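S.K.: A structural model of the following input is requested.
(one chain, ligands or ions: 1)
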Amino acid sequence: MTNIIPARNVLGYPPVAMSAFLRMGIERIRAAVWGVLFTAVLAALIVIGSRNLAHFDAALVGYTFAVLFATFAITYRYAMWLQRPPTALYWRRGWQVFFRRRFAVRNAGNWVRRVVSDFALNRFIARRGAFRWLAHWLIMWGCVLAALITFPLVFGWIHFETVPGKLDWYRTYLFGFPTMAFPVHSLPAFLIFHGLVWSAFAVIIGVMVAMRRRMRDHGAAAVQQFGEDFLPLILLWAISVTGLLLTASYIWMDAYGYDFLALLHAVTVIFTLLWLPFGKFFHIFQRPAQLGVSFYKDIGALEGMAHCARCGQECASQLHVDDLIEVERRLGYRYEMNNPAADHYQRICPSCRRSMLAIAQGRIWNPPTENAQFDNEYPSI
Ligand code: HEM
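M.R.: Numbers count the residues shown, from 1 in each chain. Below is the predicted model of the structure:
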């Protein structure tokens, strides 16, 4: 096989990997700065939105600090992830191709289509199975609805007041500004005030469907792990059940055990918020970046495909091949080749790489000098 130029020093590390130790320190500082910035902005918004904490409920301070911590840690992890050379390049290129003027209309249309089909409808999971889709869709929308209700309420961004002179009417205040009013005993009021109950139903059904698959599907059972696959479901189930018990307590049981249940709900929610940046739930923040990759693939294909230097077949977009070469260099891997047909290993398609590997192994068994015929029939590239 053609020589691939090694780029390693005497310690066995690529030179870039050596300097990576130093670079990591800078990346950590940068990520921490982003984390502090996002957390400070949220804290400021809580103070401003609750009108200098006038509408902030001191009993919910535990929730608030858990959200602030989660904000710092999620931003820190995200910023670290974005600084990895492959992610950094995908991220930058994703935005560049999205804003390319000649593809603006096409990109805008695709953006709407993907947001509806992938985000709102979760069609990417439907391909893997109807029950998987149902579980994900119910859990996702249950949590989105719960977050849209609880976060603004906990931060004091939304509160309700009775309308002067109309004691059976409520007015909603957003960031301290009066908005719509509605009768307390009406269908909209019933739906709004029980919004968390509907989200709890959606989450519990979704968790049950997901649990059933984990228990019954032997393929899933073989690879699942407690922390990655069961703990998130158990936490969501615990949050939803303790929440529903709160409702049951004040509607049907004269608030029996309410304080204890409120504490239990807070413990489950706060544990989940603190764990959010470290475990499976981090994908909620990470996965949307996939949208940029889909534009990268679209536009890359439209701008021109690369042809394999060995077999001449189309393999990947030219943009992707060039970017891969660049990322590998930054990571300290140098697969440049001294061959007139191809200057870099990435210019060869995956199937030819497998062939080249087999040929290289064949040459070890039958060195070329002893087998000139083989050498002619199967050139290294
Ligand atoms: C899957 C997500 C969640 C579900 C399904 C859920 C469900 C519920 C339910 C059904 C209630 C009772 C509502 C009522 O009838 O008054 C409730 C109460 C509450 N939830 Fe959650 N919740 C979730 C997440 C959260 C989060 C993320 C927070 C905080 C950031 C939170 C904070 C609260 C608070 C403060 C209460 C009122 C408790 C009290 O009276 O002390 N919840 N939740």
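
S.K.: Now the residue in the stretch 251-381 of the chain that the ligand sits nearest to: closest residue in space, sequence neighbours ignored.
M.R.: In the stretch 251-381 of the chain, no residue comes nearer to the ligand than residue 262, which is 3.5 Å away by CB to the nearest ligand atom. C-betas here are computed from N, CA, C, even on glycine. Excluding the flanking residues, the one nearest residue 262 by CB to CB, 6 or more residues apart in numbering is residue 246, at 6.3 Å.

S.K.: hmm, the helix or strand containing the one you found touching the ligand?
M.R.: Using DSSP states H and E, residue 246 falls within helix 231-252. Yes: using CB under 6 Å from any ligand atom, we find that helix 231-252 touches the ligand at 236, 239-240, 243-244, 246-247.

S.K.: In JSON lines, list these along with distance to residue 154.
M.R.: What follows is these, written out as JSON lines (distance: CB to CB, whole Å):
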{"residue": "236", "distance to residue 154": "18"}
{"residue": "239", "distance to residue 154": "14"}
{"residue": "240", "distance to residue 154": "17"}
{"residue": "243", "distance to residue 154": "13"}
{"residue": "244", "distance to residue 154": "18"}
{"residue": "246", "distance to residue 154": "15"}
{"residue": "247", "distance to residue 154": "17"}
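
S.K.: hey, where'd the helices end up in the stretch 101-250 of the chain?
M.R.: Counting by DSSP state H, counting those that start in this stretch, the segments of the stretch 101-250 of the chain that form helices are 104-114, 123-126, 130-154, 187-193, 195-216, 218-223, 231-252.

S.K.: The longest one near the ligand at all?
M.R.: The one in question is helix 130-154. Yes: Helix 130-154 is in contact with the ligand by CB under 6 Å from any ligand atom, via 142-143, 146, 150-151, 154.

S.K.: ok, of the residues you listed, which come out buried?
M.R.: By neighbour count, with 16 or more other CB atoms under 10 Å, the residues of helix 130-154 next to the ligand hold 142-143, 146, 150-151, 154 as buried.

S.K.: Residue 143: what's it in contact with?
M.R.: Shown in contact with residue 143 (CB atoms under 8 Å, 6 or more residues apart in numbering): 199, 203, 236.

S.K.: Flag every residue of this protein that's near the ligand.
M.R.: 60, 63, 67, 142-143, 146, 150-151, 154, 196-197, 199-200, 203, 236, 239-240, 243-244, 246-247, 262, 265, 269.

S.K.: Put the buried members of these into a PyMOL selection.
M.R.: Entered in PyMOL, the line below selects the buried ones among the residues of the chain next to the ligand, by 16+ other CB under 10 Å:
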select buried, resi 60+63+67+142+143+146+150+151+154+196+197+199+200+203+236+239+240+243+244+246+262+265+269
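
S.K.: Now this protein against the ligand: closest residue?
M.R.: For the chain, CB to the nearest ligand atom, closest residue to the ligand: residue 243, 2.3 Å.

S.K.: which residue sits closest to that residue, ignoring its sequence neighbours?
M.R.: In this structure, residue 243 finds its nearest non-sequential neighbour in residue 200, 5.1 Å apart by CB to CB, 6+ apart.

S.K.: OK, contacts around the one you found?
M.R.: Contacts of residue 200 (CB under 8 Å, 6+ apart): 142, 146, 240-241, 243-244.

S.K.: What does the pLDDT read for it?
M.R.: Note for residue 200: predicted pLDDT of 98.

S.K.: which residues does residue 258 contact?
M.R.: Contact analysis of residue 258 by CB under 8 Å, 6+ apart lists 246, 249-250.

S.K.: need those residues in TSV with pLDDT, can you?
M.R.: Output for the contacts of residue 258, formatted as TSV (pLDDT from 0 to 100):
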residue	pLDDT
246	98
249	98
250	96
